[in-house]
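In: Any chance you could fold what I've pasted below:
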Amino acid sequence: MNKKTKNISKFLSYVLRHHPDKLGIALDKNGWTSVNFLLEKINAEPYSLTMTELEEVVATNNKKRFAFNEDKTMIRANQGHSVNIDLALQPKQPPEYLYHGTVEKFVKSIKEKGLIKGTRQHVHLSTDKETASNVGSRRGKPFILTIKSGNMNQEGFSFYQSENGVWLTDKVPATFIEF
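Out: Predicted coordinates for the structure are as follows:
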C-alpha cells in the first residue's frame, strides 16, 4: 500500500467510523453512505480521489475495514464505529477461544473490569493470536489475552462477526479472560 492509499484509508476510517460530520456526509442507520457524495466531498478537500483509487483502498486494506454494496454505489466501514449505527449483524456462535491484543499498561484495569467497548459499539476480538498481536502492537509491545468465548456464549453473551471476520461482543468480563 503506497503512502497516499494509506493516508486515504486512515482518513476514511476516521470519517466512516467516527466523524462523518468532518466531511459533511451522513451515514444511514446501517452505516452506509453514497460513494458519489463521498468522492465529491473528499475531492473538495483534503484529497484528490478517483473511483478507481477508492476501489484500490477498499481492496488493499489489510484489515478489510471497508465494504461496498453490490453495485458499488454505497460504502461503509465494517466495524469499529463510535457513531450510533446498526450493522445488522446476526448473533453467531463463536469458536471456543478468541484473542484480544492490548499492551501491558492496560492489563491491570482489564483484570479488574474486563474488556469494555469504551466509545466504540463493540469489543473487537480475533480468531488468531497473530492478528491480536498486530492489533496490540499499535501501542507498544503486545500482550495477548485469550478469551473463553465458547463459555461466554453458553452463559448467554452474544457474539457477532463483521464482514471482514472480526468478532464483536458488548463486553468480556474478566472471569472469561486468560491472562
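In: Name the nearest residue to residue 16, ignoring sequence neighbours.
Out: residue 77 (4.1 Å; CB to CB, 6 or more residues apart in numbering). C-beta here means a position set from N, CA and C on the backbone, and glycine is covered the same way.
In: Give me the mean pLDDT for the longest helix that the chain contains.
Out: Using DSSP state H, we find that the single longest helix of the chain is helix 3-17. Per-residue pLDDT over helix 3-17 has a mean of 92.
In: downstream neighbour of it in the secondary structure list?
Out: Moving toward the C-terminus from helix 3-17, the next helix or strand (DSSP states H and E) is strand 33-34.
In: what's downstream of that following strand, the next helix or strand?
Out: With elements assigned by DSSP H and E, the helix or strand that comes after strand 33-34 is helix 35-44.
In: contacting residues around that next one?
Out: Among residues not part of helix 35-44, those counted as contacts by CB atoms under 8 Å, 6 or more residues apart in numbering are 8, 11, 23-25, 49-51, 54, 68, 72-75.
In: Please repeat the previous calculation with a cut-off of 10 Å.
Out: Helix 35-44 has contacts (CB atoms under 10 Å, 6 or more residues apart in numbering) with 8, 11-12, 15-16, 20, 22-26, 33-34, 47-51, 53-55, 58, 68-69, 71-75.
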